[in-house]
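In: below: sequence and its predicted model.
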Amino acid sequence: MTKRVKKSIVFLSVCLGLIFTFMAAASRIQRDSGRVEVGLLSIQAAEGGEIAAKLYRPETATAQSPAPAVLLIHGYQNDKDASGAAAIELARRGYVVLAIDAYGHGSTGVGLAARGYVNHKVSVNFGEDSEADGTYAAISGPMRYKVMLNFSNLSFFNEHYSRDAEGNAIEDSSVGGIAAYAALAAYDFVDGTRMAVGGHSMGTWASWSVAAAYAGTEIAPKAVVLQAGELFTQDVYDSESIRFNNVLLLQAKYDEFAMFRDYNSTVTEELPRSALRAAFLGVPPGETAWNTTFGDFADGSARRMELVRTNHRLITHSGAAVAQAMEWFDAATGNESPVAPSDKVYLIKEMLTFACLLLALAAMLGFMELLLALPFFQSAQPGLPDRPERTKQGRAWRRGAAVTILVAGLTYPFMAQLGHGLLPLPERIFRMTVGNGFLAWYLLLIVVMLVTTALPWKKAKKAGAPLDYCDLGFAGQDNPARFDWGLLGKSALLALLMAGFVYLLVWVCQSLFLLDFRVIWPFFRPFSLARLGQFFVYIPVFALFFVLNNSKIFAQMRTPATGRPGFKGFLSCWWRNAICMAGGVFLICLVEYIPFFAGMGPGADLLFSPLFGGPFMSLLLIFFPQILVLSLLCTYIHRRTGHVFVSGLTAGILSCWIIAGGSAML
């Protein structure tokens, strides 16, 4: 046994030990040290199929002493564990909590299309629109485009919004919440007279829909808590047939979605004074204010808008937002908890699962070292080529890096949004909505990389110093004249085994602890059968993109630092690779958030239009760190193997897994 193998075994063992220690600690927090029973279940959906859910039941909730209960509904591209912060804190305070995977998300089998759609959209707040000024307009395009543009259309609205002349309709804007709420109310350990509902983003529209469905019944929600939600005109809130009790709006100061800012560029002190906001609070415009409760909990008229200094996605885990939600639920349901709103533990659990995510990726590298020590994989590591004349540095490298950054960054908002909504893809095959956005962007970049690889190839050949496949990272130095298919095959097997190792860890942790590897956002979670099928649909493009991307950055832009040994050599190589891999995403981050934080509004909205803002711009804060981590992994693997197949395929598999594992599916 070599020294490297021994070190790898020790490293792998330490990583695994820490993963299971941290997961056990995170599970203990989720279960409140055994005082809360946590379990997975399925609920029959109104549209057929089943809704996946996680139930948190405090030990104090019994048939003899039923407890208040809250239904939590996550936002677009999330899953039930994205509601974990509120769920954990509510359960600690004696609430029964049901967190669901909405239609098309997580492990729920019902697709997002079951929400329904109509052939028109509204581009201002509801009740303020008209056909004359174009704010109520017909739309056309793929079904997914109509579904996404109809998120603000709710099934309890009048038929002007919820049905169209072609017979289309918004079928269930609660995305499964109505059925889940009924299932929660049916438990004998739940006090049906003290129930509430809360959601984030897409889940706020679902929360409105659940509250509307049960308005006037014995189990009508006593509170509705909206984490970054949209407001409507007064006739929607309080009519003869529908009344919403005790509504709290947690307003993100830097919300990337225009409808959650009332289509203003920024959220300011003036926003509460609008007629729309004043009607929501139930007071004249001159009396409105942030962070002030209006009305009375006793008669259900309490209203509050809490301004939270965070962005759209992070509001679910804002300490101030979570504390305010706890106070609101307690006041509305009459719950008396000894746990203060300021006493919160959910972030500890979040950091533990995040540490496990990073440790799992580190363990994957240790596992790779053990595989590379096997005789079968010896030929999969030909080593870095010794060709100093092919390295790039100085102006040549900077020019290549600048082009890479600009092309990736400037095409991202346009191609991602095009693929998300309008790219003509067969929707029964390509069902991942955000996946389609990345698919379109990657396809364009694949074309760019092929062209920018072919041109230097021809130029070098004409100059009498031809490039070869070793220069592209597609072969070893011992046989550079041919594309090495055998190397590709063994690399693909190696990458699959490495990703499979991480998948096994996720599956074991999900089975033992009911937790996966994430931080705020779902990253690595077990596949359902349908999602596994989607993984195989998208993986060819993802794999090709990352192999070509690694070829451009790691091989064709190889620097003298690439072969420099030791940790310093690794760092001097990695920062250059990171700039090229993540620089474009970082650039568009700056374009989006510098003007936003400066008080002007989101950059995409200002420079292009709100059409190019929203989902993919708000994803940047998650996507940028993801690419940084992938650049670390790819740098290590490339230096270890000497070619781009293992690094590129591993990055492609992991990225495709993130997309196909739990995000929205038609």
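Out: Looks like it arrived, so ask away.
In: drop to CA atoms for contacts and neighbour counts, all remaining ones
Out: OK.
In: tell me where the stretch 251-400 of the chain has helices.
Out: Using DSSP state H, counting those that start in this stretch, the helices of the stretch 251-400 of the chain run over residues 275-281, 319-333, 346-372, 394-421.
In: redo those helices as TSV? Include mean neighbour count and distance to residue 291.
Out: Rendered in TSV, the data for the helices of the stretch 251-400 of the chain read as follows (neighbours: other CA atoms under 10 Å; distance: least, CA to CA, whole Å):
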stretch	mean neighbour count	distance to residue 291
helix 275-281	21	11
helix 319-333	21	10
helix 346-372	20	23
helix 394-421	18	34
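In: to residue 572, which of those helices lies closest?
Out: Within the helices of the stretch 251-400 of the chain, the stretch nearest residue 572 is helix 394-421; the backing value is 13.9 Å (CA to CA).
In: name the helices or strands packed onto the closest one?
Out: Counting by 3 or more CA pairs under 8 Å, 6 or more residues apart in numbering; DSSP states H and E, the packing neighbours recorded for helix 394-421 are helix 143-149, helix 433-462, helix 566-597, helix 615-618.
In: now those helices as CSV including distance to residue 57, mean pLDDT and mean neighbour count?
Out: Written out in CSV, the entries for these read as follows (distance: least, CA to CA, whole Å; pLDDT from 0 to 100; neighbours: other CA atoms under 10 Å):
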stretch, distance to residue 57, mean pLDDT, mean neighbour count
helix 143-149, 34, 91, 20
helix 433-462, 33, 93, 17
helix 566-597, 40, 94, 19
helix 615-618, 33, 88, 22
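In: format these as a markdown table; extra columns: distance to residue 529.
Out: What follows is the helices and strands packed on helix 394-421, written out as a markdown table (distance: least, CA to CA, whole Å):
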| stretch | distance to residue 529 |
| --- | --- |
| helix 143-149 | 21 |
| helix 433-462 | 17 |
| helix 566-597 | 32 |
| helix 615-618 | 26 |
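In: any idea which of those gets closest to residue 517?
Out: helix 433-462 (19.9 Å).
In: including mean pLDDT, could the helices of the stretch 251-400 of the chain go into a markdown table?
Out: Supplementary listing: these in a markdown table, determined by pLDDT from 0 to 100:
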| stretch | mean pLDDT |
| --- | --- |
| helix 275-281 | 92 |
| helix 319-333 | 97 |
| helix 346-372 | 97 |
| helix 394-421 | 93 |
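In: rewinding a little: wait, which of the helices and strands packed on helix 394-421 is closest to residue 94?
Out: For residue 94, the closest of the helices and strands packed on helix 394-421 is helix 615-618, at 33.7 Å, according to CA to CA.
In: name the nearest residue to residue 520, sequence neighbours excluded.
Out: Taking CA to CA, 6 or more residues apart in numbering as the measure, residue 520 lies nearest to residue 82, with 6.0 Å between them; neighbours along the chain are not counted.
In: quick one: residues contacting the one you found.
Out: Residue 82 makes contact with 74, 316, 520, 521, 522, according to CA atoms under 8 Å, 6 or more residues apart in numbering.
In: of those residues, which pair is most distant in space?
Out: Greatest spacing in the contacts of residue 82, by CA to CA: 316 and 522 (13.2 Å).
In: burial measure for residue 654, as a count.
Out: Burial measure for residue 654: 25 neighbouring residues, criterion other CA atoms under 10 Å.
In: and it, what element?
Out: Taking DSSP states H and E as the definition, one finds residue 654 inside helix 645-662.
In: longest strand in the protein, by residue count?
Out: Ranked by residue count under DSSP state E, the longest strand found in the chain is strand 190-200.
In: tell me the first helix or strand C-terminal of whichever strand or helix holds residue 522.
Out: In this structure, residue 522 sits in strand 521-524 according to DSSP H and E. Next along the chain after strand 521-524, taking DSSP H and E as the criterion, comes helix 529-550.
In: and residue 169, how far from residue 131?
Out: Distance, residue 169 to residue 131, by CA to CA, to the nearest Å: 19 Å.
In: who has more neighbours out of these two?
Out: The residue with the greater number of neighbours, taking residue 169 and residue 131 and applying other CA under 10 Å, is residue 169; the counts read 20 against 10.
In: contacts only, for residue 645.
Out: Residue 645 sits in contact with 473, 474, 487, 488, 491, 492, 547, where contact means CA under 8 Å, 6+ apart.
In: rerun at 6 Å
Out: Residues counted as contacts of residue 645 (CA atoms under 6 Å, 6 or more residues apart in numbering) are residue 491.
In: what's the burial count for the residue lying closest to residue 164 once chain neighbours are set aside?
Out: Using CA to CA, 6+ apart and skipping residues adjacent in sequence, the residue nearest residue 164 is residue 118, 5.6 Å away. When neighbours are counted by other CA under 10 Å, residue 118 registers 25.
In: hang on, residue 118 in a strand?
Out: No. With DSSP: H, G, I helix; E, B strand; the rest coil as the criterion, residue 118 is coil rather than part of a strand.
In: and it, what pLDDT?
Out: In this model, residue 118 is scored at 94, pLDDT.
In: now swap in residue 167 and tell me
Out: At residue 167, the model reports a pLDDT of 89.
In: now it. Its backbone dihedrals?
Out: In terms of degrees, to the nearest 10, the main-chain angles of residue 167 are phi 90, psi 0.
In: over to residue 138?
Out: In terms of degrees, to the nearest 10, the main-chain angles of residue 138 are phi -70, psi 150.
In: hang on, isn't it packed against residue 118?
Out: No. Here residue 138 does not reach residue 118: they are 8.9 Å apart, not a contact under CA atoms under 6 Å.
In: about what we covered before: more neighbours, residue 316 and residue 522?
Out: residue 316 (26 against 21).
In: where do the strands sit along the stretch 201-350 of the chain?
Out: Ranges of strands in the stretch 201-350 of the chain, per DSSP state E, counting those that start in this stretch, are 224-227, 247-254, 303-311.
In: in a markdown table, list the ones you listed along with mean neighbour count, mean pLDDT and distance to residue 92.
Out: As requested, those are arranged in a markdown table below (neighbours: other CA atoms under 10 Å; pLDDT from 0 to 100; distance: least, CA to CA, whole Å):
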| stretch | mean neighbour count | mean pLDDT | distance to residue 92 |
| --- | --- | --- | --- |
| strand 224-227 | 28 | 98 | 18 |
| strand 247-254 | 25 | 97 | 21 |
| strand 303-311 | 21 | 97 | 23 |
